[in-house]
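S.K.: This is a predicted model, with the sequence first.
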Amino acid sequence: MNVQGMTICVMFLSFARNCQAETVAVNKQYWKSDDDNAIIASLIERVNKMETSLGQCRYPTDTQTSVGGDCSWVDKNVTDTCRLNTSTHEPDESPTTRILTIDVDDHLRLFIDGKRINGLKQADNWTTADSVELPKNARLIALRGYNIYGDAGVLASTNDGYILTNASWKCSDKEPRGWEKIGFDDSKWPKAYVIMPATKKPIKGIRNDSSWIWTNKYRYYRGNRLAICRIKLP
């Protein structure tokens, strides 16, 4: 059997940090054999000898499959020298936590998955935001904002922009029992009222693509003082 352009792609996973998804393609031109299995076995044997040149790369398990990539050989014969295709790197896994930075004009109580977050040093100082770790598997952010005088608002974002205060939140001027709990039904609550973009009243540490929000009864200097706001996370 005349086998031309036989290519075996081997995917290497679990590299040290930045070597998560590399591929090595072993290309043998004009290989003549009566046994395809012998060809494949021989090529795999040559691949197994590349440990030294591949450094931190590990060999695949039986459950791993091949992915696209290319490999340049120094001659027509299969050799132990290969140029890894680095264009197929997968991004590093996102961190297990996100940083939520939040500010309320004027007073803040914050709850994550029904648990109150204590120790917010800036909860009563609207000019400076508080930052807390948000678990990656968090399901709900709920807060109580209270305005004493002047303008009101809630402004928040995570460092990666996964969460932003905008009209996707729900805000009420009422404080029903259990509003901070995951199982609370807020389906009849109105969407948050967007007062203005963060750029109009920026707070250090909060992204510019976030917005100041409040209840739909907001009126500049004359609106309601209480805002109970929630957002369910996917």
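M.R.: Received the coordinates, thanks. Numbers count the residues shown, from 1 in each chain.

S.K.: contacts and neighbour counts: CA atoms only from here.
M.R.: OK.

S.K.: name the element Leu134 belongs to?
M.R.: Using DSSP states H and E, the element containing Leu134 is strand 130-135.

S.K.: Alpha carbons of that strand, in PDB - could you do that?
M.R.: Below are the C-alpha coordinates for strand 130-135, written out as PDB (Å, rounded to 0.1, in the frame of the first residue of the first chain):
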ATOM      1  CA  ASP A 130     -15.100  48.800  48.700                       C
ATOM      2  CA  SER A 131     -13.700  45.700  47.100                       C
ATOM      3  CA  VAL A 132     -14.500  42.100  48.000                       C
ATOM      4  CA  GLU A 133     -13.700  38.700  46.500                       C
ATOM      5  CA  LEU A 134     -16.600  37.300  44.600                       C
ATOM      6  CA  PRO A 135     -16.600  33.500  44.300                       C
END
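
S.K.: what lines up beside that strand in the sheet?
M.R.: strand 97-105 (antiparallel) (DSSP bridges).

S.K.: which helices and strands does the next helix or strand after the partner strand pack with?
M.R.: Scanning forward in sequence from strand 97-105 by DSSP H and E, the next helix or strand is strand 107-112. Packed against strand 107-112, as judged by 3 or more Cα pairs under 8 Å, 6 or more residues apart in numbering; DSSP states H and E, are the following elements: strand 140-146.

S.K.: now with 10 Å?
M.R.: Contact here means 3 or more Cα pairs under 10 Å, 6 or more residues apart in numbering; DSSP states H and E; on that basis strand 107-112 packs against strand 130-135, strand 140-146, strand 153-158, strand 226-232.
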